[in-house]
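In: For reference, the sequence and a predicted model appear below.
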Amino acid sequence: MMIKCLLLLSILPVYASAVSLPDPLAVPGGIVHIPLGDAKLPMPQVFYQNHRVLVTQQNFKWLALVGIPLDATLGQQNITIKTPKGDTPISFQIMDKKYPAQYLKIKNKRMVNPNAADEKRISDDRIILNKALSTWTEQATVDTDFIPPVEGRLSSLFGLKRFFNKQAKDPHGGLDIAASAGTPIKAPATARVIDTGNFYYNGNTVLLDHGQGLISGYFHMTEIHVKPGQQLKQGDILGTVGKTGRVTGPHLHWNIYLNNTKIDPALFIARDIARLDARNK
Ligand code: ZN
């Protein structure tokens, strides 16, 4: 019995150090995993398109998690590893992904064709959002083991080419989870609240910092229950689902950013996607 316990104790730390990472998908809107060498060496500083890249550990090796923008050029791309001796590029390939189109009808016409005052507000919003999204918190470990923020129905997938009242707009930069207004929204992992606010398109919004440029955003909320600077554990309630901003009904629009780039949130909750999608049937 004693031997068994000792064995268990010697095995446990190995499991405790196993990291749950987002799925790799080398396409626009996806995440590329790039191994960087022995984790006994100091953590490398990695850049992609002039933005710092998240570096984590897997199997005692450093691993870069690179967010690929939806408008990325297909084919060969590079990250740069910065060392005191100089810069080293590492190349990787981006494959194509065809994202389908989605046509939506918005009743509030100013949400499709804003007037001059609305445009001013939208550009003010963008300054606040861009500042929040440029947050970089240096931390040794980043919690990438996410749970879905809402138990609901997947109503719009990431990357859809969008048409509002037949006008082409930006592609869908997040994952929509539909649930009735008032449904609690949970922190998907350990995080700190960067900012909260009310924005023209996004409505009531919370932005969370998970460290090293991994940021998550929660839009169209009814109520916000957190404050900037607040530390959250996985499962803590941020607020509730709503229909504020540009929406066709109550849902959570959920964004995830890596290296200042919107990527597909489904990659962070791969094990939950089938369950949430089954609610569509
Ligand atoms: Zn959305």
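Out: That came in fine, so what should we check first? Numbers count the residues shown, from 1 in each chain.
In: how about the residues of this structure near the ion?
Out: Gly174, Asp176, His253 (CB under 5 Å from the ion). Placement of C-beta: from N, CA and C, glycine included.
In: Output those residues as JSON lines; include the columns neighbour count, pLDDT and secondary structure.
Out: Below are the residues of the chain next to the ion laid out as JSON lines (neighbours: other CB atoms under 10 Å; pLDDT from 0 to 100; DSSP: H, G, I helix; E, B strand; the rest coil):
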{"residue": "Gly174", "neighbour count": "24", "pLDDT": "97", "secondary structure": "coil"}
{"residue": "Asp176", "neighbour count": "23", "pLDDT": "97", "secondary structure": "strand"}
{"residue": "His253", "neighbour count": "25", "pLDDT": "97", "secondary structure": "strand"}
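In: wait, doesn't Asp143 sit right on Thr190?
Out: Yes - using CB atoms under 8 Å, Asp143 makes contact with Thr190 at a distance of 4.3 Å.
In: Mutual contacts of these two, please.
Out: Residues touching both Asp143 and Thr190 (CB atoms under 8 Å, 6 or more residues apart in numbering): His210, Gln234.
In: mind listing what's buried in the top helix by length along the chain?
Out: In the chain, taking DSSP state H as the definition, the longest helix is helix 116-133. Buried residues in helix 116-133, counted by 16 or more other CB atoms under 10 Å: Asp125, Leu129, Ala132, Leu133.
In: so the first one sits right up against Tyr200, yeah?
Out: Yes - contact criterion CB under 8 Å: Asp125 and Tyr200 qualify, at 5.6 Å.
In: List the buried residues in the helix or strand hosting Gln102.
Out: If you go by DSSP states H and E, Gln102 is part of strand 101-104. Buried residues in strand 101-104, counted by 16+ other CB under 10 Å: Leu104.
In: Tell me the bridge partners for the residue in the stretch 101-250 of the chain that the ion sits nearest to.
Out: Going by CB to the ion, the ion is nearest to Asp176 of the stretch 101-250 of the chain, at 4.1 Å. Beta bridges link Asp176 to Ser156, His253 when assigned by DSSP bridges.
In: Skip the chain neighbours and tell me the closest residue to Ile79.
Out: Distances taken as CB to CB, 6 or more residues apart in numbering put Tyr48 closest to Ile79, at 4.9 Å, once the chain neighbours are dropped.
In: One more: Trp62?
Out: Closest residue to Trp62 apart from its sequence neighbours, by CB to CB, 6+ apart: Leu36 at 3.9 Å.
In: Would you mind measuring from that neighbour to Leu25?
Out: According to CB to CB, to the nearest Å, Leu36 and Leu25 sit 19 Å apart.
In: same deal with Leu258?
Out: Look at Leu258 and Leu25: by CB to CB, they are 12 Å apart.
In: ditto for Leu175
Out: From Leu175 over to Leu25 the distance is 14 Å, taken as CB to CB.
In: count of residues packed around Thr137?
Out: By other CB atoms under 10 Å, 14 other residues sit near Thr137.
In: In the protein, what residue comes closest to the ion?
Out: Scanning the chain for proximity to the ion using CB to the ion identifies His253 as nearest, at 3.4 Å.
In: Can you give me every residue that contacts that residue?
Out: Going by CB under 8 Å, 6+ apart, His253 touches Gly174, Leu175, Asp176, Asn202, Gly217, Tyr218, Phe219, His220, Val247.
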